[in-house]
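Participant: Everything below, folded, please.
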Amino acid sequence: FFYAAGISSEHDWSVGRTTSVTNLGFISEWAPYVSPQCTTMYGGNMSMCTDASYAWQAISTPLFIRENQFDAAKMSNCGLDLGKLLSDEDFNYIKQWGRWMRGQLAAIGEKSRHGYFSPSCLDHGENLGWSVAPLINGISMQAALSAWFFDTGATRTRLVDECGELPCTESSACRHLPRDPLSEECAARLEQLCTGLEGKGERCDACVESHVQDLRRHGCPKHGEPVLRAYCGAGTSMGHHVCDLDFGAEERAIAQS
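Facilitator: Coordinates of the predicted model:
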């Protein structure tokens with residue numbers, strides 16, 4: 001896990017509540033390894049010692065961290081459904097996520113022995129291999145790691161792409177937020193024809209498919225997939241939400257059963 005300190009689920013954040021760290025780290029039933037140093041530092045708090053944003057402070061070995069600022073898997077764990085048409089609140093949450101991540105890395109950077117490489121991408125980690133990682137300010141991840149490990153001073157060793165508030169690193173290996181595939185006219189017609197079915201999966205799909213010609217006349221994409229994904233929801237908001245209070249309680253119940 002690498003959630004920045006202070007991160008909350010989208011629901012908690014939207015109501016001004018901070019998600020407890022016990023919903024971010026492992027739960028005791030999973031029997032994770034917890035270092036003695038971390039146990040001492042955090043008074044035996046196992047959740048803090050399995051969350052990297054806390055546990056790193058108990059590690060004496062210098063660290064080089066590679067981390068996308070907008071890890072889609074982790075945001076999904078915290079309740080953000082990237083498979084649906086994003087609302088203004090969703091976009092604001094994504095922006096806040098970026099601020100949390102950059103703030104955490106800045107705190108780590110105060111310890112001069114540590115280095116990091118953090119592009120502004122919507123990937124989990126598949127874009128952070130040696131051969132595919134994007135450049136940050138013209139510097140490769142491999143060059144940054146080499147300069148950090150061998151202490152050559154050849155280049156910067158703490159790199160965060162601050163190109164904008166939303167995923168924006170320029171690279172074919174870097175995923176960004178999809179453009180809204182639905183025009184205002186299309187979205188309005190969908191609401192008229194399929195009232196109350198937005199995000200309802202198969203029921204919504206059936207409604208869209210039964211009005212294909214009408215929807216095309218109202219500016220919807222000719223191919224059905226973008227409409228179904230944006231309006232009906234190809235993803236699901238009922239997935240593995242680690243850092244939502246309600247879903248955290250469910251996970252504990254399952255683990256204890």
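
Participant: Please make it C-alpha for all contacts and neighbour counts, starting now.
Facilitator: Fine.

Participant: pLDDT value on residue 222, please?
Facilitator: You'll see residue 222 listed with a pLDDT of 66.

Participant: typo on my end, it should be residue 32
Facilitator: 84.

Participant: One more: residue 117?
Facilitator: Reported pLDDT for residue 117: 97.

Participant: Give me the secondary structure label for it.
Facilitator: Three-state assignment for residue 117 (DSSP: H, G, I helix; E, B strand; the rest coil): strand.

Participant: So it sits against residue 67, correct?
Facilitator: Yes. Using CA atoms under 8 Å, residue 117 is in contact with residue 67, at 6.5 Å.

Participant: that's a helix at residue 56, yeah?
Facilitator: Yes. Assessed by three-state DSSP, residue 56 belongs to a helix.

Participant: was I right about residue 64 contacting residue 146?
Facilitator: No. Counting by CA under 8 Å, residue 146 is not a contact partner of residue 64; they are 10.3 Å apart.

Participant: one step back: which of residue 117 and residue 67 has more neighbours?
Facilitator: Of the pair residue 117 and residue 67, residue 117 is the one with more neighbours under other CA atoms under 10 Å, namely 28 against 22.

Participant: in the stretch 101-250 of the chain, which segments are predicted with low confidence?
Facilitator: 178-181, 222-226, 229, 234-250 (pLDDT under 70).

Participant: ranges for the helices of the stretch 51-200 of the chain?
Facilitator: Secondary structure of the stretch 51-200 of the chain (DSSP state H, counting those that start in this stretch): helices located at 52-55, 72-77, 88-109, 141-150, 184-193.

Participant: how far does the last one sit from the chain's center?
Facilitator: Helix 184-193 sits 29 Å away from the centroid of its parent chain (CA atoms, centre = their mean, to the nearest Å).

Participant: so after it, what's the next helix or strand?
Facilitator: helix 202-210 (DSSP states H and E).

Participant: Show me which positions of that next one end up buried.
Facilitator: 204-205, 207-208 (16 or more other CA atoms under 10 Å).

Participant: Same question for stretch 3-14.
Facilitator: 3-5, 7-12.

Participant: and which of these is nearest to residue 77?
Facilitator: residue 9 (8.1 Å; CA to CA).

Participant: Does that closest one touch residue 81 like I think?
Facilitator: No. Assessed by CA under 8 Å, residue 9 is found out of contact with residue 81, at 11.6 Å.

Participant: Lowest-confidence entry in the buried residues of stretch 3-14?
Facilitator: The member of these with the lowest pLDDT is residue 5, and it reads 81.

Participant: what about residue 213, distance to residue 227?
Facilitator: 13 Å (CA to CA, to the nearest Å).

Participant: Among the buried residues of stretch 3-14, which lie within helices?
Facilitator: Per DSSP state H, helices hold the following members of the buried residues of stretch 3-14: 10-12.
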